[in-house]
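# quick one: sequence and predicted model below, then my questions.
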Amino acid sequence: MKRSDNESVPDEITKPAQSDVIPALVEFVSNHVWEAGFDDEKIRQINLAVEEALGNIVRFACCDGKGEITISCNVHDSGAIIINIIDTGAPFNMLIASSFPETEDFAKPGQIPSTKMMKKGVGNIEYRRAASRNILSFTILREI
């Protein structure tokens, strides 16, 4: 997606944690990744990873529909892009959630959190909980 030279893109966006806003959040990330110079295939992989992460947040961390999701995108001097996905939901580390038997306590049968696309499309993924928020960070290196 190309933009005019005088059209600026904010570095951060906040939306309600609802499934109908996922496409807008993915587009926000896609625009930043494109502007950072990533190729079309990598952009597609990142979009799928972000979509998967957001789906997990909506289904498991913010399942009451009352939370918010904030995404920030920053390009490092090295050319890497850092994408932070922050939600106000219940404590939820999707990177390890499917490996514990307790997952059945909050997940419906057959709805275990998926991280397959995230792990395929993103080189470095980190989770932390701070200030009553889940923070999922993607660090993606641009291949030159």
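Cool, the structure landed. Residues are numbered from 1 along each chain as shown.

# please count neighbours and contacts with C-alpha atoms only from this point.
Will do.

# what are the boundaries of the helices in the chain?
Ranges of helices in the chain, per DSSP state H, are 22-35, 40-56, 94-97, 103-106, 116-121.

# contacts for the longest one, please.
The reference is to helix 40-56. For helix 40-56, the surrounding residues in contact (CA atoms under 8 Å, 6 or more residues apart in numbering) are 19, 22-23, 26-27, 29-30, 33-34, 94, 113-115, 117-122.

# pull the helix or strand with minimum mean pLDDT from this protein.
Every helix and strand of the chain was ranked by mean pLDDT, DSSP states H and E. The lowest is helix 103-106, at a mean of 49.

# ok so, going back, least confident of the helices of the chain, on average?
Least confident of the helices of the chain, judged by mean pLDDT, is helix 103-106 with a mean of 49.

# so what's the residue count around residue 48?
Residue 48 has 19 neighbours, counted by other CA atoms under 10 Å.

# find the nearest non-adjacent residue to residue 37, please.
Sequence neighbours aside, residue 142 is the residue nearest to residue 37 in space, at 7.7 Å (criterion: CA to CA, 6 or more residues apart in numbering).

# ditto for residue 73
residue 83 (4.6 Å).

# the one you found contacts residue 138, correct?
Yes. With contact defined as CA atoms under 8 Å, residue 83 counts as touching residue 138 (5.0 Å).

# surely the residue nearest to residue 37 and residue 82 touch.
No. Contact criterion CA under 8 Å: residue 142 and residue 82 do not qualify, at 11.0 Å.

# for PyMOL, what selects the buried ones among the contacts of helix 40-56?
Buried residues within those, by 16 or more other CA atoms under 10 Å, are selected in PyMOL with:
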select buried, resi 22+26+29+30+33+94+113+114+115+117+118+121+122
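
# just put the helices of the chain in JSON lines and tack on distance to residue 68.
Formatted as JSON lines, those follow (distance: least, CA to CA, whole Å):
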{"stretch": "helix 22-35", "distance to residue 68": "12"}
{"stretch": "helix 40-56", "distance to residue 68": "11"}
{"stretch": "helix 94-97", "distance to residue 68": "17"}
{"stretch": "helix 103-106", "distance to residue 68": "19"}
{"stretch": "helix 116-121", "distance to residue 68": "21"}
